[in-house]
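Asks: Let me see the structure of the following:
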Amino acid sequence: MSANSEIRYGIERLHLFPYYQTREEFKKATGMEPAPFSSLKPPKYWFDPAAKDSTRRNISYDNVIAYHGNGSPVIGADGKPMMDVLVISKDEAATVNIPPKGLGVANVPGADVPEVPPPMRALNPDEELFVPFPGLIGVRIKGTLEADRGFTEEDRAMLMAIAAKLGV
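Replies: Residues are numbered from 1 along each chain as shown. Coordinates of the predicted model:
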């Protein structure tokens, strides 16, 4: 069982670096002014502070959620979100690209494309990714019953197979 004794939780607990929702949140947390938003690059809400000191031009992160070009997660044949490797330049890894948000700010060019997924730690042997609702990803402890729904792993597998057969 996981150390925190919860059986379901959000993927943010797996993130290797803080995730900043807004430019203001980034400035408040780091004391640094975020780089100006570039519509030529996808939004990026995290940064690796050690990346700027790397002797390599590119940084590789072994665990990120795989996403389709439209921003929806890639789901494997087992019904679980798939993981992928992210390789980006050290300069990109060391900065954020957070679009402006707030009152009077709308339709920012480049803000509507899928973001650069945040690197995550490897799953523990008792953890797995799952889809609690379409488009959302969570983490759960393998082999546990969820008190709020009471389904077993086999029930979920059968429901996923039925949903796939029905195309929903």
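Asks: mind checking which helix or strand of this structure has the lowest mean pLDDT?
Replies: Among the helices and strands of the chain, helix 153-166 carries the lowest confidence by mean pLDDT, DSSP states H and E, at a mean of 84.
Asks: Tell me the buried residues in it?
Replies: 156, 160 (16 or more other C-beta atoms under 10 Å). No exception for glycine: its C-beta is placed from N, CA and C like everyone else's.
Asks: Show me where this structure has its strands.
Replies: If DSSP state E is used as the criterion, the strands of the chain fall at 8-10, 58-65, 83-89, 127-130, 138-141.
Asks: Let me have the ones you listed in TSV, adding mean pLDDT as columns.
Replies: Putting the strands of the chain into TSV (pLDDT from 0 to 100) gives the following:
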stretch	mean pLDDT
strand 8-10	90
strand 58-65	96
strand 83-89	96
strand 127-130	93
strand 138-141	92
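Asks: between those, which gets nearest to Lys44?
Replies: For Lys44, the closest of the strands of the chain is strand 83-89, at 8.7 Å, according to C-beta to C-beta.
Asks: mind checking how far the closest residue to Lys41 other than its chain neighbours is from Arg140?
Replies: Across the structure, with C-beta to C-beta, 6 or more residues apart in numbering as the measure, the residue nearest Lys41 apart from its sequence neighbours is Asn97 (5.2 Å). Counting by C-beta to C-beta, to the nearest Å, the separation of Asn97 from Arg140 is 31 Å.
Asks: And for Glu154?
Replies: Distance of Glu154 to Arg140, given as C-beta to C-beta: 15 Å.
Asks: and if you look at Phe130?
Replies: If you go by C-beta to C-beta, the gap between Phe130 and Arg140 works out to 5 Å.
Asks: returning to that earlier point: for the least confident helix or strand of the chain, the distance to its chain's centre please.
Replies: 24 Å (C-alpha atoms, centre = their mean, to the nearest Å).
Asks: send the alpha carbons of it over as PDB?
Replies: Once side chains and other backbone atoms are set aside, the C-alpha atoms of helix 153-166 remain, and they are given as PDB (Å, rounded to 0.1, in the frame of the first residue of the first chain):
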ATOM      1  CA  GLU A 153     -10.100  -4.300 -11.300                       C
ATOM      2  CA  GLU A 154     -11.900  -7.000 -13.300                       C
ATOM      3  CA  ASP A 155     -15.200  -4.900 -13.300                       C
ATOM      4  CA  ARG A 156     -13.300  -1.900 -14.700                       C
ATOM      5  CA  ALA A 157     -11.600  -4.000 -17.400                       C
ATOM      6  CA  MET A 158     -15.000  -5.400 -18.400                       C
ATOM      7  CA  LEU A 159     -16.600  -1.900 -18.500                       C
ATOM      8  CA  MET A 160     -13.700  -0.500 -20.500                       C
ATOM      9  CA  ALA A 161     -14.100  -3.400 -23.000                       C
ATOM     10  CA  ILE A 162     -17.800  -2.700 -23.300                       C
ATOM     11  CA  ALA A 163     -17.200   1.000 -23.800                       C
ATOM     12  CA  ALA A 164     -14.600   0.300 -26.500                       C
ATOM     13  CA  LYS A 165     -17.000  -2.000 -28.300                       C
ATOM     14  CA  LEU A 166     -19.700   0.700 -28.100                       C
END
